[in-house]
Structure formats: structure tokens, C-alpha cells
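In: kindly return the folded structure for what I paste below:
(chains A, B, C and D)
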Protein chains: 4
Amino acid sequence: MILFILKDKRDYSTLKEKLQLSSSSYKFLNLYGKNLLLVWPDSEAEKIVDEDIEVAVKTKKSYILASNEWKKDPTSFKVKGTEIGTNKIVVAAGPCAVESEEQVVSVAKAVKRAGASILRGGAYKPRTSPYSFQGLGEEGVKILKTAGEETGLPIVTEIMDTKDSEVFKKYVDMVQIGARNAQNFSLLKEVASIGKPVLLKRGMANTVEEWLQAAEYLLYGGDGNVILCERGIRTFEKSTRFTLDIGGMVAAKMMTHLPICADPSHPAGKRELVHSLALASVAAGADMLLIEVHPHPESALSDSEQQLTPESFEVLMNRIKALASALGRSV
Amino acid sequence: MILFILKDKRDYSTLKEKLQLSSSSYKFLNLYGKNLLLVWPDSEAEKIVDEDIEVAVKTKKSYILASNEWKKDPTSFKVKGTEIGTNKIVVAAGPCAVESEEQVVSVAKAVKRAGASILRGGAYKPRTSPYSFQGLGEEGVKILKTAGEETGLPIVTEIMDTKDSEVFKKYVDMVQIGARNAQNFSLLKEVASIGKPVLLKRGMANTVEEWLQAAEYLLYGGDGNVILCERGIRTFEKSTRFTLDIGGMVAAKMMTHLPICADPSHPAGKRELVHSLALASVAAGADMLLIEVHPHPESALSDSEQQLTPESFEVLMNRIKALASALGRSV
Amino acid sequence: MILFILKDKRDYSTLKEKLQLSSSSYKFLNLYGKNLLLVWPDSEAEKIVDEDIEVAVKTKKSYILASNEWKKDPTSFKVKGTEIGTNKIVVAAGPCAVESEEQVVSVAKAVKRAGASILRGGAYKPRTSPYSFQGLGEEGVKILKTAGEETGLPIVTEIMDTKDSEVFKKYVDMVQIGARNAQNFSLLKEVASIGKPVLLKRGMANTVEEWLQAAEYLLYGGDGNVILCERGIRTFEKSTRFTLDIGGMVAAKMMTHLPICADPSHPAGKRELVHSLALASVAAGADMLLIEVHPHPESALSDSEQQLTPESFEVLMNRIKALASALGRSV
Amino acid sequence: MILFILKDKRDYSTLKEKLQLSSSSYKFLNLYGKNLLLVWPDSEAEKIVDEDIEVAVKTKKSYILASNEWKKDPTSFKVKGTEIGTNKIVVAAGPCAVESEEQVVSVAKAVKRAGASILRGGAYKPRTSPYSFQGLGEEGVKILKTAGEETGLPIVTEIMDTKDSEVFKKYVDMVQIGARNAQNFSLLKEVASIGKPVLLKRGMANTVEEWLQAAEYLLYGGDGNVILCERGIRTFEKSTRFTLDIGGMVAAKMMTHLPICADPSHPAGKRELVHSLALASVAAGADMLLIEVHPHPESALSDSEQQLTPESFEVLMNRIKALASALGRSV
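Out: Sure, this is the predicted structure:
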């Protein structure tokens, strides 16, 4: 596959003619202010020569748009007022599941006070058992929206079904793809078309390469505002719920221009481990953290073991700030 | 959670009253000709006593409907004329992806001749890369349907999106949930409502328990005609594409009343290994096999390394028949 | 690296001269009746030309002696009277741990009666906890020897320490390297020098390639009578103790000339699963099985959950015989 | 099992009498200045009452001596002048393999200058392939000793064979058990008896619990000066050589009183990842780091991809110091 970076302000008419005459597959895209053209297979792409082409990037990688082979500078983008992918580390916090307006608004205020700049919370909940609390659905999204407005925090929440994309278009600032849908390609295509920033979790059995390929679906059909979120992979170890793959996260950062997020809550499985995993993620270079905070974790309807109290979250934020500062970053 | 098996031909009016007065969650179901009632949590369920109750099965398991704690006899069901879950081993065969009517009809005839009794083929294809062939979609389903009618074979194909359920209702005899959607709970709920037999693949990182919990979604919302399909889990080993977990398959069979299928093609990754994995699966007790066969594997649009030729498939079928006979089963 | 197969009955004097003049590393070996010469690195090896050389096999593989690139015919060898690696499947059976002479002799008689042709039993026991029964050591080996003599069965038992090699030289017919010592390279070198057939278990985290490299240590320093034993790898799945990697076993068989054994007892972890895993292993092409049998499993000092009773073992042997016959093999 | 902490300066004569009359197993130990008595099984241990007993700690854990159930304060100990397990983070650095005196002395001086306080280097090398450089053995140990004396740095190096314990007794300040021997119980027992501090690597397929059980062998037979070293576990991910399990490391720290070390070099597999993994380990609470440094990594005889240059190590040390300071620790 060859990625052609095209010169600006042209109509590419001779180029289009050449493509139509060739037997290649091709696609024009605009990402990060650049006009791009993908052509494959190689045997056909190599024949394309045109003066509207600025650079031709040939690659063996299956995640060319997500790779930093053509885009060296790190990508950053705004989720409402909050910019992700800069020197400033962004912390998104909130409850595992939206349970009530009172719960979410109270957490939103507390996490904002402690320094979080995005509100997270699950409305559509992927639950292993059909007998577990399945989330409040659209009502939950509206509650999040309300809490976001009251606090001025942008909101991020998970989508589970292509049928729900209108709800997300209407109410949500950032769309989350969960680990169990990380290779739900129908959903990836649908989410790309929503036109909102996306937080893409890594599937618990996905290699770093597959994770970048999932991001490729989002870049191919969307506008490029994607952050990759490491949340733990499945291994034989059982003292933690999942194994936070910090090495994989660092390797990904070296392969892509997209920013990287870490979720220390799910791999921890117990709140005692969350602080250390959050700090380790920041030290390893994470651009964002996603942390579960609940006003009364012990009575939470899901993930009660791993959610922090607002008090513990505040302590953690102070530790993160000290660490970020030692690394030459801010929070 | 308690599962109550109810006496037949009653209106359960006193029972319903008691449930409404309690603060429990409950659900009436009819599965395998039995009227069932699920009540949870335990503290509430334990208070329910009624003369319309035949048996109360209390369980700690999160997959009660799928477990054999309440249903000791193995479940069997028909996919059009083909019965699954009996002493006769059912073989479904066909190409990885539907590419053309000619391709599918020719394979369908060949696999039928060799002894297959279901036709498989992918129309909606989950592909790791957005640049890989994504399948023919609805057109592919219609091609399968045509090939099924020409040969008299029922057809099984994978669903990827809740939006496509009408297509599956109309054309397909058995709906397949793929490994990458094994915990796509929205899809599981939608498929349960289609009213067709379901082949549920195990996710590549799912425990046997999670696999049974996914089946529970299908039983909770559907009619109970579900077969579990082991297709390999992800491990560190790279000489095979996935690790066929025959032990997990056998363990599952001891935990459930549902029949079990093995897919030897995907874990093999190379056609040289498919025969041995198919035979091992039969020896371990599989009720069904799902095998990729292509008229010209080397030019297939997907999985070209692992598809058998019709000739090799015929040899395999003869080996399977000999083995089945030694085990007191037939094909 | 190049493996030279040398012509017979020569003194290789000109060849030796050339080697001494070169700056290569080299080693002369005799394996399976062939005089062999290994020379590395490639840049030096490629310069060696001599008329005593019959064939030169150049390889990128790190397990050249174990690979079937130079030796196409399957290797077979005798453990006292029992031949391993032929069309006849060999079954080794006996208790996890040697506990007393009475126990071992009674099991030995029972497994022989049922058709086993090697007696297994642990004398030096690798135990995860220092508080578990550590085995009878040399006394246990002597008990095995006695039971072997009483029944005419050759004995196989595990070595754990290079210091014990004299005991194994004196009493044991086949030396077992356990999974936890599969990359204990000091032990591999020592065992190679004992001069007895070796059963090499695969480490629970070893790839097939690493397993063959461990065998390479044994072939490099020994006489080539090695059988590879798959005993389950460590994965996330917990319904079985380990995941029996039948695919890896089949892949190994395609890469090496050495015979292959399967141990269905350790991956099963529970005796209910042992039959199915044993049958699956045979169907997949195992040349040997290693099965734990105890006169009273419930009171065994180790692995009490997974050992078969002699009665159950007899039933299994009959099933194995039927299966082997359907596959054109015998037991 | 019950662990009795005994009162000081007694002869325990009545206690010993009671033990001899009981049918329990028992062992007296002295660890960290405390006289201890282990008695099992529970049914017997519970009967033991004596006035020389200060506290009785009953546990279900299989690693009682290593657990913090009886010893709440963190353990620290000296390796020659260097104290491990305090607020000060200890860095051990040096080449993967000892190749020559010149190489080791030059690295030793460089890492000391940058702030390392222990010299590491492999003399006996566990190599997957018999054709790889196997290390200089005893000669390599002596070279390390020389370099240690020239720089005043204590030395740590790996033992592979019980037969080599005299060499380690004579020359080495801290004995390392490598990942491939983490469940080589004969070696664990032998090393316990050497009487030197031990660095115990976690096996690549060992759970945190098994790692602590391996430490238990060392505490049961030794003097308690053990540090646990996380070095990456084996998972499906291939963008790194191993998956550094920071969560498992933190979980271990919560279960034991022993100090914890991290080895960022082996899981990284490439030097570009080493800095981030080292910083993450420190942020997560590691008490020690073990880092590979080579004067000319590109020409190293082993692990050439992952060794740092002295210059890169110095940069890393400065980053570690800044980070440690933000965490309230020093280096």
C-alpha cells in the first residue's frame, strides 16, 4: 500500500483519471489538514506518478494512517475545551456505571475539584452476565450530559450498538469503544462516522498491532481524533484482574502519532492497586488517564472493588501532579 | 439465583402475586418444553414457596440456564433437516468467505458428496484490517441461500451487526456469532430474538465460564437452540494461529447440556494441521465440526493458508467416519 | 550453521585440517549411525569443501539436530524391551509419586495387566511449596526399580539435580526432564551425558521452538534417544490445570524426527477429563502417553485429583486400543 | 499451618517435648532476629500450647514466611555496603554477559559514576540455544569480582547449577536465581544454604503466588535476605520481548515484607523501551532496578538489542533521580 500526501488546493483531475484507468483500489481522505490518497495493491500503486503528489509513503504496515511513518508530529485534539495529546496530562474520572443524577453530579463536582478535566461514566454497560445491572442506557447518557453541563466537564461514555449512534451524536463529547468491542468492526465503522473524538480501548487479547489496526478503521472513516487506551490484557496471572501492559503501551507510542491513555482501574481490580498503576502509567508516558471514582464504592452497582473514593482520588491527583512535574509535564 | 421448574398447565396466578409483593427480580421463560422461573437475589428467592413449583434449583453459577444443574439430558435440535447434539456427528463445511455463486455452489456440492450436512460460508466478514476483503454482505447471504437450496444443505453464516438481523431472519438457517463478537452483548441479545438456531464461537480470550455466560444471554432471550463452538484461544505459542483448547471444550461439555462444536481450521492456521485437530476434536467428544473448504485455497480472498481442498476434505471425512465408528458414533 | 553428513569409514583427516585452519566453531557427532559435523558461523562453514562430505544441510533453524531437515525418517529407539516411535503406541503409567513399595508394585501389576508397557513414578518431586511432600528420592528410585523388575516393565522417573546423575545411571531405564526444568540447561547437559533414553517435557511457557532447542541440547551432548512430551501450557483458562496444546504437539511432529508423547493427566487436573484428553492425543498422532494411575487416588500424597484408578485406566486402555485400531495403529 | 513466634532466650524444652509427642511436622527457624516455629498440619498445630509461645499466626497461605501476615515491617538487608529495602532505591547495572575484564571494569566504572551501587553481569549464562555463547563460567565470576574490587561495588551474578555453589560462596556478594530456574527447587534449596543475599527472579510463567512460594524455599532454608525481581511474563504480545507485570509486582509488594526489584531490560527487548519501563517501575514502588549496560551494545555477545550504552544509562539515572525525589525517595 502506498500513502500519497497530496499538494494543497488542487483538483487532482489528472490523478483521478490515472486512478480510474488503473486497476487499483484507492481512497481520498483528509486528515489533520492534509489531503491524502491511499492506493493498493503495491504493484498498481507504484505506477501512479503525478505532479499533484507531494510525497509517496510506501509501507508494509497494515495501519498506515495510524502509523508515524507519514506523520511524525504527535496528534492532539480538543474534546470541547479539553486538549488531549499535549504536554498536559488529561485525567478523566467518574463512576463505572451511571446510577442516578445525584450520584453522577456529586462525583463530577468532586473529580473536577481534584483536577480531572473529563467526566466518564457508563450508561450502556457490557456485562459478562445477563443478570448483572445492564446500565441506564439513553437515560444514563442524559444524566451524564446534565452533570457535564453543571460542571463544565466534557463527557466520555461507551457505545455498544450501532443502533445507538444518534444518541451519541446528540449528547456525548467523546465516544468510547470498550475492550469487548475492540474488534467489532461494524461498530468501529459506525463510530468513525459520528464525527466525535474517540477513545479506543485495546481488546484484552489484542496485540498492539491489532489495536492500531482497529484505530485504522476509525481514521479511515473518520476525522482522526482518536486516543488509544490500554486497559490490561488477559494473562495467566490472577492477583490482578488484568495485566496492565505498560510495555505494550510504550511500544504503541513509538509506532503511532496518536495520543495514549491508560486505564489503571480495570487491570487493578482492587482499589489498593490503582494508585501505583496510575503513577506507573504517567511515568511511562501516558497522555491521559481514565479512572473510576464513586461516592460510595462499596455500594456501587458494578466494579465496586476497584472504584476510588473521591478522597482517595484527590490524594492520587496530588501524587500525579508531583510526578508529572518531575517529568516536565503538567496535569 | 434460584431457577424454579414449574408444573405444567397452570396459570401461576398465586405465584405471580407473591412475586409482585416481593422485592425480587424475576423472569418467566419456556425452554425445552419446560416452564421456568428465575428469581434473584437469593435472599428474596428463598422466600418464594408455591404449589405450582415442581423443583427449585439454587445455584451460585452465573450461567444457570446453560448449566446442567437443572437439565441433565443433552440438548439436541434441528437445523432444517439436520439434527445436532445426537450420537451422529454433524460436519459443516464451506469456504471462509463467499466470493461468487459459482465458488459456493461448487464447494457445496463437493462437501455434501463427502458427507457434510451443513454449508458454511462468510458473507459479513470481520477483518482485522480495513484494507482486507470485507465480504459480500447481503448478496453473499443470498448466494449461500441459493447454494443451500441447490444442494438441500442448511446454511450457517456469521452476523456482525444488530442492524442486519432481518437479513438473517429471512435467509439463514443457523446464525453464527464470531469469536470477535463473543462478548458483544447487544448482538447476543439481538440474535436471541431472531428465533433461529445459533452457533456461538468462544472469544479468543474468554474463559469457559464466560463462554457459557454468553450462551446464557442467548438462552435468556431465545429458544435454547444453541451450540458452543471452540475455535482456539490466544496464547504465547506461535507455531499455530490459535491454541485449540480441547481441554476447555471437554470441561465445557461437563458443565452444560448444550452440544459442542470444534473449528479446527482457525487454530491450525495452516492446512497441514487441520486433519489432526479435527480428529482430536472428535476423539474428545465434539458433536459438530466446522471446517473451511475452498475449491482453490491458494487463490482464496481470505484465510488461504488454512482452507482444505475438496479432495483433502473427502480424505478427512473418511478418517472421521472411521474414528467415529471406533467411538460408537456415526457421521 | 551447516550440518555436514559425512561418508562412512573415513578418518576425516583432510577435513580436520581444513577446520583447524579456519576460524569456525565445529563439532563432530555420531547420531543414528551417521557421522555428522556441525560448523558455524555460516560465513566460515560455507568455505568447507571436502570429499569426505556426503551432504551439506544449511539451516536457519536453531534446532538443527532435532529438525527433520536432515533426517526425514521418524526416529525410534528402545527403552529396555519397549520400542518407542513405531506404529505401536506406547503407554507409560504409574503413580504421580512413589509412596511405598507396596503401592508401586500393586500399580505396576495393574497397569501392566491393562496394557501399559512402561512404569512411571516420581521419586524426586518438584513441588511448588516447600511444605508439600518432596518425594522419597533415591529410595523411591530403588522402589521403582524393584517394581520394574517384578513386572518386567522399564521405568521412567524425573531427575531434578545434576548431583543425582549417578543414581539415574544405575537404576533408571529412561530419564525424565520435568516441565519446570525444561530450560535448566545445566541439567539438560548433564542428562545428555547419562547415556539413557530421555523423556523431555515441554516447559509450561515454552514455545514449540524452545522445546526443540531444549531437545537440541540433549542431541548435541547425547545419543539421540529423546522423546518430546507435551504436558500443557499455561494460559488464562482455569477450568483445566493447564491447556494441553494439541496443535503445538502436531506442529512439533511436523518439525522434528523425534517421537512425541502426550501427558493428559497434568493438563486435566481432574480425573474426569483425562480420558478425553488421552483419546484426543492419540487421534492427533501421539506416539506415547504418560498417565498417572494410583491404587487409591483420594489418599495420594500428590496430585490426588487427577490420578486414575486402575479400573478407570483399564477402561481407558480399551478405548485407546479401539481408537488406535481405527487409525491403523496398535497399542 | 501455624507459625509460632517464640519468646526470646528460652530453651523451648517443654515445647520440644510436646512436639515430639504429637504427630505433627515442625521446624524451628531464626529469621530477622526472631525465633520461629512452623507446625503443620493444622489439626496437630492447633493442639500446641506453651508458655514460650509469644504469638501464633494461623494461615492458609502457602508462603507463610514470605508473607506479611506475621511480619508487617518491610525487610531490608545489606549486600556488602549497599542496603536494599529502604527509602533509597538501589540500582544494579552491568553487562548481560561477562565477556572480558576490560569490558566489565570499564562498565563498572561508568555505571558507578552514574549512580549505580551494585554491579551485575552474567558468567554462567542460560541460553535457549546450545550454539549461543554459554558464558565464561568461573572465570567470568572472577572477572566480576575484580571489577567489584576495583570500583568498590558489590557484585550479583546468576547461578545455574547446584554444583557451582562453592564458587558463589567464595566470590559473589549476591546470588541471582534466573527466571528459567525460578522453580528449580533443588537449586533454591542449595542457594538457601550458601548464606548470601539472593535476588530471585520470577519465572516467566509463574503466578505471583508461585513466586512467593519459591521465595519461601529460600526463607525456609536460609537467612531471609531475599529480594524478588519482576522481569516480565510470557503473554501473546510480541511488540515487547516479555510483558513487564507491574500490577503483579505491586500485588506482590502488598503480600510480602520482602523488597521488590524490577528488571526493565529483559521485557523491553529493545533499548528504546528500557527508560520508560524503568521509570514506570520506580513510580510503581520498586526498591531496586536491574539494568543491562554494555560499553558497545551492538557488538555484545548476548542481548545486544536491549543493553543501554553508558551514556544512555547516565541519562536514565538522572531521570530516575528526579522521579524518586518527586515520590519522596532517593537513589
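In: from C:E102, how far off is A:R113?
Out: 74 Å (CB to CB, to the nearest Å). From N, CA and C alone the C-beta is placed, and that goes for glycine too.
In: er, A:F133 actually
Out: 58 Å.
In: neighbour count: those two, which is higher?
Out: A:F133 (15 against 11; other CB atoms under 10 Å in any protein chain shown).
In: now do the nearest residue to that one once chain neighbours are set aside, the pLDDT please.
Out: Leaving aside its chain neighbours, A:F133 sits nearest to A:L301 (4.3 Å; criterion: CB to CB, 6 or more residues apart in numbering or on different chains). Per-residue confidence (pLDDT) for A:L301: 90.
In: A:L301: neighbouring residues, count only.
Out: So A:L301, with other CB under 10 Å, has 20 neighbours.
In: quick one: residues contacting it.
Out: Counting by CB atoms under 8 Å, 6 or more residues apart in numbering or on different chains, A:L301 makes contact with A:A97, A:E99, A:F133.
In: do the same with A:S23
Out: Neighbours of A:S23 in contact, by CB under 8 Å, 6+ apart: A:E44.
In: where's it relative to chain C, distance?
Out: 37 Å (CB to the nearest CB, to the nearest Å).
In: again with A:E101
Out: 38 Å.
In: equivalent analysis for A:A56, please.
Out: 33 Å.
In: again with A:V91
Out: Taking CB to the nearest CB, one finds A:V91 at 30 Å from chain C.
In: can you list the strands that whatever helix or strand that residue lives in pairs with?
Out: Using DSSP states H and E, A:V91 falls within strand A:90-94. Strand A:90-94 has its sheet partners listed here by DSSP bridges as strand A:118-120 (parallel), strand A:288-292 (parallel).
In: quick one: buried residues of the least confident helix or strand in chain A by mean pLDDT?
Out: Lowest on mean pLDDT, DSSP states H and E among the helices and strands of chain A sits helix A:42-45, with a mean of 92. Within helix A:42-45, the residues that qualify as buried are A:E44, A:A45, counting by 16 or more other CB atoms under 10 Å in any protein chain shown.
In: what's across from the residue nearest the centre of chain A in the sheet?
Out: By CA atoms, centre = their mean, chain A has its centre lying nearest to A:L199, at 2.0 Å. Counting by DSSP bridges, A:L199 is bridged to A:Q176, A:I227.
In: contacting residues around it?
Out: A:V156, A:M174, A:V175, A:Q176, A:I177, A:V226, A:I227, A:C229, A:C261, A:L290.
In: show the low-confidence segments of chain A, by residue range.
Out: Along chain A, no part satisfies pLDDT under 70.
In: what parts of it come near chain C?
Out: A:R234, A:T235, A:F236, A:K238 (CB under 8 Å from any CB of the partner chain).
In: tell me which two of the residues you listed sit farthest apart.
Out: A:R234 and A:K238 (10.7 Å; CB to CB).
In: of these two, who's got more company?
Out: More crowded of A:R234 and A:K238, by other CB under 10 Å: A:R234, with 24 against 14.
In: and the more buried one, what does it touch?
Out: A:M204, A:A205, A:F242, A:T243, B:A205, B:R234, C:F236 are the contacts of A:R234 under CB under 8 Å, 6+ apart.
In: with adjacent residues omitted, what lies nearest to A:A179?
Out: A:K201 is the one closest to A:A179 (CB to CB, 6+ apart), at 4.5 Å.
In: can you point out the buried residues in the helix or strand just after the least confident helix or strand of chain A?
Out: The C-terminal neighbour of helix A:42-45 among helices and strands, as given by DSSP H and E, is strand A:53-58. Buried residues in strand A:53-58, counted by 16+ other CB under 10 Å: A:I53, A:A56, A:V57.
In: who does the second one bridge with?
Out: Meaning A:A56. Beta-bridge partners of A:A56, as defined by DSSP bridges: A:F4.
In: touching, it and A:L6? I think so.
Out: No: judged on CB atoms under 8 Å, A:A56 makes no contact with A:L6 at a distance of 10.2 Å.
In: skip the chain neighbours and tell me the closest residue to A:C96.
Out: Per CB to CB, 6+ apart, closest to A:C96 is A:D303, 4.0 Å.
In: what comes up buried for the host helix or strand of A:S281?
Out: Using DSSP H and E, A:S281 sits within helix A:271-284. Going by neighbour count (16+ other CB under 10 Å), the buried part of helix A:271-284 is A:271, A:273-284.
In: now stretch A:115-131
Out: Those would be A:115-131, for stretch A:115-131 by 16+ other CB under 10 Å.
In: again with stretch A:98-107
Out: Buried, per 16+ other CB under 10 Å, within stretch A:98-107: A:V98, A:E99, A:E101, A:Q103, A:V104, A:V105, A:S106, A:V107.
In: out of these, which sit inside helices?
Out: The members of the buried residues of stretch A:98-107 that map onto helices under DSSP state H are A:E101, A:Q103, A:V104, A:V105, A:S106, A:V107.
In: which of those residues lies closest to chain C?
Out: Proximity of these to chain C (CB to the nearest CB) peaks at A:V107, which lies at 32.3 Å.
In: quick check: that closest one touching A:P95?
Out: Yes: the criterion here is CB under 8 Å, and A:V107 meets it with A:P95 at 5.6 Å.
In: give me the common contacts of those two.
Out: A:G121, A:V293, A:H294, A:P295.
In: can you give me the strands for the stretch 51-200 of chain A?
Out: A:53-58, A:77-79, A:82-84, A:90-94, A:118-120, A:155-159, A:174-177, A:198-201 (DSSP state E, counting those that start in this stretch).
In: what helices or strands is the third one leaning on?
Out: Based on contacts counted as 3 or more CB pairs under 8 Å, 6 or more residues apart in numbering or on different chains; DSSP states H and E, the elements that strand A:82-84 packs against are strand A:77-79, strand A:90-94.
In: what lies in contact with it?
Out: Applying CB under 8 Å, 6+ apart, the set of residues contacting strand A:82-84 is A:S76, A:F77, A:K78, A:V90, A:S117, A:I118, A:P154, A:P197, A:I227, A:P259, A:D287, A:M288.
In: what sits against the residue nearest to A:C96?
Out: A:C96, A:A97, A:S265, A:H266, A:E292.
In: what's the helix or strand for it?
Out: Assigned by DSSP H and E, A:D303 falls outside every helix and strand.
In: for the lengthiest helix in chain A, which positions count as buried?
Out: Longest helix in chain A by number of residues, with DSSP H as the criterion: helix A:310-326. Using 16+ other CB under 10 Å as the test for burial, helix A:310-326 gives A:310, A:312-314, A:316-317, A:319-324, A:326.
In: close enough to count as contact, A:G81 and A:P154?
Out: Yes: with contact defined as CB under 8 Å, A:G81 counts as touching A:P154 (7.0 Å).
In: returning to what we had before: which one of the helices and strands packed on strand A:82-84 is the most hemmed in?
Out: strand A:90-94 (a mean of 28; mean count of other CB atoms under 10 Å in any protein chain shown).
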